[in-house]
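Peer 1: Sequence plus predicted model, see below.
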Amino acid sequence: MDCVSPLLDVATRLWDCGSRRAVFICELEENRESLHNKMGELNSISQDVQTRIRLAEQHHKQPKQEVIDWLETVQDVNTKTNEILQKVEQVSQQRCLGPHCHKNCRETYKIGKKVVKMLNTVAEQVERGRNFDDVANDLPRPRVDEMPMEKTTTILKKINNEFGKPCYNIGIIDKVVWVVVSKDGTVENVQKDIGRKLGLSTDTWDSKNGDEKASDIYRILKDKRFVLLLDDIWKRIDVFLLGVPHPNKKNKSKIIFTTRLEEVCGHMEADKIIKLECLSPSQALELFREKVGEDTLNSHLQIAQLAESIGRTMAYKRTVREWDYALRMLRECPSRISSMDEYVFSKLKFSYDNLCDEKIKSCFLYCCIFPEDYDIPIEKLVWLWIGEGFLNYSRNLDEALNEGNEIIANLQHVCLLESSIDDNRVKMHDVIRDMALWITRKEKDYIFTIEEMAINNKQMVEWESAKRIAMWNIKSIDSNCLRTYANLSTLLVYSDSSPIAFPRGFFQYMPVIKVLDFEGSELEHVPTEIGILVSLQHLNFSWICIKMLPIELKNITNLRSLHLEHIEDPVSIPREVISALSKLQVLRLYRTVTNTVETNLFGHEKSLLGELNRLQYLDYVTLTITTVDDVKNLHNRHKLQCITRNVIFYLCKGLTSFSLSSFRSMSCLKEIEFCDCNSLEEIIFHQNEKKGNGLPPDNIPNFNFISYDQCFKILHQVKLFECHRLKNMTWLIWAPNIKMLSIEFCDSMEEVIGESEIGVVGLQNDLRTFSGLEILSLYGLPKLRSIYKHVLSFPCLKCMAVVDCPELKKLPFDSQSAKNSLKRIEVGRRWWDTLEWDDPTTRDAFFPYLFLF
């Protein structure tokens, strides 16, 4: 009996094991039938869900991600089930005697096991499909560029802005596109603006022809409900050529346009025309009160009477011809219009006449050199004013730059310049621009702006009296019609469509020219003739493709400002050219790699650095650093550090550790960037330096005695791009005033501010850190876990973007963070849904600013 029990136990276990496996074989047919039926049930549920999604999309809702994932799973299960059922069919055909007798039991067992496993999977998916209460969510409100309300077409801008309000009924409109057409608008330009608003504008897309661009625009908009806002149309714009789908009852899209000409409504085949009547006298006076202010209005009895006089002159002009004639007379000879000089023009010119001095008036008139409706870069405008000599920078360049910005603010305050969507640009109202051009003609201070035309003898003759000329996308210049431009002080050249070729002798007769600006243009070659322009003081080659500066440049000994920024290919600078420019005060080389004949940027005294040392008046420099030797030599150049405003460390192969304390003399530094520094492992700040070579010293840093006042007080912008070994940017606590921080594609980045490395300095004890930050961009950081472990107030934060940062689970926010400043948060929907929050009200507080993708 003692021997029998173990044998029975073994036999029982073998039977259990064998019987469980035999089930997969014996019940194969039954399980196959069950799988087939269950799969049919799953497909029926899937069809129902897809129908519900289609109905939801008709109501402009977006399918939930979990539903989309489930449908993809069902599709995958379908494929695998069909493969398994085919194998079951093959096995069934190989039976030898009965329904449970198979030639290959092992293979039949494997198939039977897969059938049971798939049956369970299908049953799970059936249960999931039945539990979907809602299959779609409301769409986020469409992305809308909010327009400043002080501009002319207030009603259209108000319509545009309404689409972007948090209270707007989200889910109705998929896309809102705003485009200013203006008088000289073309299909090509409008198409380009639409493409930019749709995210298509790249170098590749810009090079496509009109039909290809139209096809791309149509592909994006054809399945969307969109609103296209076309502002200030003067002639028919064929939306078919633009690539915009025609609005109809099916797509429920709309095209809304404004025009000053009633016949354009007919040419555009408008379905509905809304005529805007003039303000009533009481409304006009109320608007006048609002703009001028009660104190001013009541300061003299005649002011209110003068407000009424402007309208009196044109009160009985009812036809387009009369108004067109009046506009032409206003530009050419206002006195010929009845009462124009007394009642209208003197009032329109009032703001100009009351500018405080001739300097500001000159700066204002200069703005009309830019085309109508052009967004004028503020920085560029100020540099042009300096080049013309309107702003004196012989003593202090920073004061001149600040004065230029102050003048722009003053011109905006008196409505002679307008704000743009971009805070770094301004615009000039077309009527104000016409007035400015009229004033320049009256004062014989002629300005000519030529756009998209071939320059012939007629224009050349007109230019002989010009003081300033701007060429915008000109097609050609007649080489047989050259003239002397005895008064010309500024020549602006811009072409992004086709390369410009200047005929020989074009620059030969410009004896008093001060400003020559080629920024952003395509040039066939750099004209060597510019070497004879001995009066030139401002020369700009930024954002163009050039291989080498002409050696003739060394003859321009009065040159004070040379701009060579953002040039893609390395630029060769002949030796002794820069040092020959003895009066040079400004040299801008940001994002431009330079080479001299013998060495790189920083070598011996014959290199570019050596030449810079010999420039007595040099006061403003932007730099691109490309090697470890450059870093070391820059550390040893105290004067150069003191005048450096922007610097980018690019490549710097072999640089593993960077000590910012070696560059504490950069008291004027505003922007710093590290790009493609793939060997860089740390950026640190030390109290004491021992090595003096730009690399970290041997001593352990002691952060506790470093004051904010000793550090980068005016550093405003920090960028980090493809530095794959850096793990944190803790040094930023010594740059308390940064406004823009961008960290992109840094594979090892784990923390923006590492708490363990900052000692007792601690952000909790110093609220100034990130207190001025306006823009935060975090892209492609697969290991980023934390921005900072404690809540920050971010009182100035306007925009934040977080893309492809899967390990970042929590933001340093509470419900009060960025409370009065935030405008936009760009994040992925799936990532946002997985974020952790201490308080649900914090998450809800940021919902109105979300732009999900």
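Peer 2: Perfect, I can see it now. Fair warning: this is a prediction, and the values are worked out from it, not measured in the lab. Numbering: from 1, shown residues only.

Peer 1: how far away is the residue nearest in space to the middle of the chain from residue 177?
Peer 2: Residue closest to the average C-alpha location in the chain (CA atoms, centre = their mean): residue 422, at 9.3 Å. When distance is defined by CB to CB, to the nearest Å, residue 422 is 17 Å away from residue 177. In short, each C-beta sits where N, CA and C put it, glycine included.

Peer 1: show me where pLDDT drops low in the stretch 451-600 of the chain?
Peer 2: 596-600 (pLDDT under 70).

Peer 1: All the helices of it, in order from the start?
Peer 2: Counting by DSSP state H, counting those that start in this stretch, the segments of the stretch 451-600 of the chain that form helices are 457-463, 577-580.

Peer 1: Break down the stretch 601-750 of the chain into its helices, ranges please.
Peer 2: Counting by DSSP H, counting those that start in this stretch, the helices of the stretch 601-750 of the chain are 608-613, 628-635, 638-643.

Peer 1: how about the longest one: buried residues?
Peer 2: Buried positions in helix 628-635, judged by neighbour count with 16 or more other CB atoms under 10 Å: 628-635.

Peer 1: repeat for the last one
Peer 2: For helix 638-643, the neighbour count (16+ other CB under 10 Å) marks 640-641, 643 as buried.

Peer 1: Same check on the first one?
Peer 2: Along helix 608-613, these residues count as buried under the neighbour rule (16+ other CB under 10 Å): 608-612.

Peer 1: Equivalent analysis for stretch 550-563, please.
Peer 2: Burial within stretch 550-563, assessed by neighbour count using 16+ other CB under 10 Å, is assigned to 550, 552-556, 559-563.

Peer 1: Mind checking which of those are in strands?
Peer 2: Judged by DSSP state E, the buried residues of stretch 550-563 include 561-563 as members of strands.

Peer 1: In CSV: the residues you listed, plus distance to residue 617.
Peer 2: CSV is the format used below for these (distance: CB to CB, whole Å):
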residue, distance to residue 617
561, 11
562, 13
563, 16
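
Peer 1: of all these, which comes closest to residue 238?
Peer 2: In terms of CB to CB, no member of those lies closer to residue 238 than residue 563, at 39.9 Å.

Peer 1: That closest one: what's it in contact with?
Peer 2: 383, 519, 538-542, 586, 588 (CB atoms under 8 Å, 6 or more residues apart in numbering).

Peer 1: Residue 547 versus that one, what's the distance?
Peer 2: 17 Å.

Peer 1: now residue 433
Peer 2: From residue 433 over to residue 547 the distance is 37 Å, taken as CB to CB.

Peer 1: on that earlier part again, if you tally nearby residues, what's the number for the nearest residue to the residue nearest to the centre of the chain once chain neighbours are set aside?
Peer 2: Once flanking residues are discounted, residue 422 sits nearest to residue 375: 6.4 Å by CB to CB, 6 or more residues apart in numbering. Residue 375 has 15 neighbouring residues, counting by other CB atoms under 10 Å.

Peer 1: do residue 807 as well
Peer 2: The tally of other residues near residue 807 (other CB under 10 Å) stands at 11.

Peer 1: Same question for residue 534.
Peer 2: Number of residues near residue 534 (other CB under 10 Å) recorded here: 12.

Peer 1: That one is in contact with residue 554, isn't it?
Peer 2: No - Residue 534 is beyond contact range of residue 554, at 11.4 Å (criterion: CB atoms under 8 Å).
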